[in-house]
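Participant: Return atomic coordinates for the entry below.
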Amino acid sequence: MALIIWHNPRCSKSRQTLALIEAHAPQIRLYLTDAPSEAELRAAAAALGLGPLQMMRTGEPEFKAEGLSQDSSDAELFAAMARVPKLIERPIVFAGDKAAIGRPPEAVLSLL
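Facilitator: As a prediction, this is how the structure comes out:
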């Protein structure tokens, strides 16, 4: 099964997760420069079994700058992540219809 990682090379957790799955030759998507669409983000949330708020980095200054809060609608949250991919929790590894966030990196081992 092909693995895909939404990777941020500046993030230590993302680098550690990539190192764990490198033997499986994952497809690497640098999501900060190749931002996922709202549809891709919705599919990622479904694969993760999470709502959009749980797959966001709410502590980033961009969260508040985008006018978001814990009460924002799903549509607002997905739109914000598509506009500002820095808000997406990282890294996310996909295997078929399943996904896991690599925080901690070992969380993705269940996909292998």
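Participant: low pLDDT regions in the chain?
Facilitator: Nowhere does the chain drop to pLDDT under 70.
Participant: where do the helices sit along it?
Facilitator: Applying DSSP state H to the chain gives helices spanning 12-21, 38-48, 61-65, 74-83.
Participant: Just put those in JSON lines and tack on distance to Lys98 and mean neighbour count.
Facilitator: Where C-beta positions appear, they are placed from N, C-alpha and C, glycine not excepted. Output for the helices of the chain, formatted as JSON lines (distance: least, Cβ to Cβ, whole Å; neighbours: other Cβ atoms under 10 Å):
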{"stretch": "helix 12-21", "distance to Lys98": "14", "mean neighbour count": "18"}
{"stretch": "helix 38-48", "distance to Lys98": "6", "mean neighbour count": "17"}
{"stretch": "helix 61-65", "distance to Lys98": "27", "mean neighbour count": "12"}
{"stretch": "helix 74-83", "distance to Lys98": "20", "mean neighbour count": "18"}
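Participant: Identify whichever of the ones you listed lies nearest to Val108.
Facilitator: Of all those, helix 12-21 sits nearest to Val108, with 5.7 Å by Cβ to Cβ.
Participant: now for that closest one, which elements pack on it?
Facilitator: Contacts defined by 3 or more Cβ pairs under 8 Å, 6 or more residues apart in numbering; DSSP states H and E place helix 12-21 against strand 3-7.
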